[in-house]
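[1] Here's a sequence, model it:
(one chain, ligands or ions: 2)
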Amino acid sequence: MKILANDGLDQSGIDALTEKGFEVIVSKVPQEFLADFINAHEIRTLLVRSATTVRKELIDACPSLDIIGRGGVGMDNIDVDYARSKNIHVINTPAASSASVAELVFAHLFSGARFLQDSNRKMPLVGDTQFNQLKKSYGKGIELRGKTIGIVGMGRIGQEVARIALGLGMRVVAADNNIGRASIKVKFYNNQFINVDIETEPLEDVLKHADFLTLHVPAQKGGSMIGVEEINKMKDGAVIVNCSRGGVVDEHALIGALNSGKIAFAGLDVFTNEPTPSKEILNHPKISLSPHTGASTVEAQDRIGLSLAEQICSILQTY
Ligand SMILES: NC(=O)C1=CN([C@@H]2O[C@H](COP(=O)(O)OP(=O)(O)OC[C@H]3O[C@@H](n4cnc5c(N)ncnc54)[C@H](OP(=O)(O)O)[C@@H]3O)[C@@H](O)[C@H]2O)C=CC1
Ligand SMILES: O=C(O)C(=O)CO
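    Ligands and ions are numbered 1, 2, ... in the order given. Got it, this is the predicted structure:
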């Protein structure tokens, strides 16, 4: 049985599937030729990450498909309901990358807190005479310890962020669709752990109290979640990190707030216009950037590969 992995697949997944007798084709078939390729090779399972889109037209054109698999969490690039209405299994790997995304949030926070994104750009360009000037301009770094982090979306990634934040000595406030309490177990390396209950609050309160705001919600159908109005409710000099989906934070509003100083710095892994974010975003000295690499760690990709393989084997055994 043939599987097409069109946006790559970790070796862990390839090995697990090959062992079970599947033929895994790892390729990058351009979107416009995908239907022909799937039909010509009698592909039964199509695996994608975020680059390949699987819309109604493709689904209709490929009647041999049994499974569409997303190596990752967000399925905004797949017409999930339509595929399921055609009895196609749609699977993803919800928990495999949570820790990696959460760690990237702190990479951005630490970067911005100590101006690393700007010093990495400028230090190679300055001569001896400007070295001390740069040192001065990066002289007002801040610590994360003791500050308040506001987490919007207290699901798998949001809870991982909370664990790290608590370990760093930060105060955590959180908003979520689900009002109530998230009980966070924080495990330390010496095998000690603590349980911390975090009550979710209305978004307004989180905006008001957060020194650092981090978003962990899916792509929002009604447009951006954090725009001018929400930013105005935040503390002066607060920080925004978006490792969820481009558009969850309104980029124009963010640029305006960075330029006015309302927002001290931002960290962005996702962009409205991927893979070509605006030059204004790319060159802004107050933005720490990463090219949608939240899940791009060896560990997360290994777990994603294995999780997809397990799910495919389990589904196809039922045929
Ligand atoms: N940068 C990257 O590489 C990656 C990005 N992501 C993005 O991160 C997102 C979150 O992932 P994950 O934590 O695993 O997802 P989860 O589903 O575990 O958590 C999301 C949480 O946000 C809540 N939520 C949704 N919409 C709103 C809203 N408008 N206001 C308040 N809360 C809301 C959900 O509630 P409910 O369940 O009730 O809707 C849920 O509790 C993914 O959807 C994906 O887009 C994920 C992986 C990698
Ligand atoms: O898993 C996701 O949703 C991602 O954005 C990474 O591919």
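[2] On the pLDDT front, check residue 97 for me.
    At residue 97, the model reports a pLDDT of 98.
[3] what sits against it?
    72-73, 294-295, 297, 300, 303-304 (C-beta atoms under 8 Å, 6 or more residues apart in numbering). (Glycine included, C-beta is placed from N, CA and C.)
[4] Helices along the stretch 51-200 of the chain, start to end?
    56-61, 80-85, 98-113, 116-122, 128-137, 156-167 (DSSP state H, counting those that start in this stretch).
[5] Tell me which of those helices lies nearest to residue 210.
    Nearest to residue 210, of all the helices of the stretch 51-200 of the chain, is helix 156-167, at 11.1 Å by C-beta to C-beta.
[6] quick check: mean pLDDT across the closest one?
    Mean per-residue pLDDT for helix 156-167: 94.
[7] Mark which of the contacts of residue 97 are part of helices, please.
    Members of the contacts of residue 97 lying in helices (criterion: DSSP state H): 300, 303-304.
[8] Now flag whichever of those is closest to ligand 1.
    Closest to ligand 1 out of the ones in helices among the contacts of residue 97 is residue 300 (8.3 Å), distances taken as C-beta to the nearest ligand atom.
[9] for ligand 2, what are the nearby residues on the stretch 151-300 of the chain?
    Applying C-beta under 6 Å from any ligand atom, we find that the stretch 151-300 of the chain lies next to ligand 2 at 294-295.
[10] One more pass at 5 Å, please.
    Residues of the stretch 151-300 of the chain lying close to ligand 2 (C-beta under 5 Å from any ligand atom) are residue 295.
[11] Please tell me the pLDDT value assigned to the closest residue to ligand 2 within the stretch 151-300 of the chain.
    As assessed by C-beta to the nearest ligand atom, ligand 2 sits closest to residue 295 within the stretch 151-300 of the chain, at 4.1 Å. Residue 295 is assigned a predicted lDDT (pLDDT) of 98.
[12] got the phi/psi numbers for it?
    phi -100, psi 10 (degrees, to the nearest 10).
[13] so how far is residue 97 from it?
    4 Å (C-beta to C-beta, to the nearest Å).
[14] Cross-check the contacts of residue 97 against ligand 1 and keep the overlap.
    For ligand 1, the contacts drawn from the contacts of residue 97 by C-beta under 5 Å from any ligand atom are 73, 294-295.
[15] and of those, the nearest to ligand 1?
    Of the ones next to ligand 1 among the contacts of residue 97, the one sitting nearest to ligand 1 (C-beta to the nearest ligand atom) turns out to be residue 294, at 2.5 Å.
[16] isn't the closest one right next to residue 99, touching?
    No - contact between residue 294 and residue 99 fails when scored by C-beta atoms under 8 Å: they sit 10.5 Å apart.
[17] Buried members of the contacts of residue 97 into PyMOL, please.
    The following PyMOL line selects those of the contacts of residue 97 that are buried, judged by 16 or more other C-beta atoms under 10 Å:
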select buried, resi 72+73+294+295+297+300+303+304
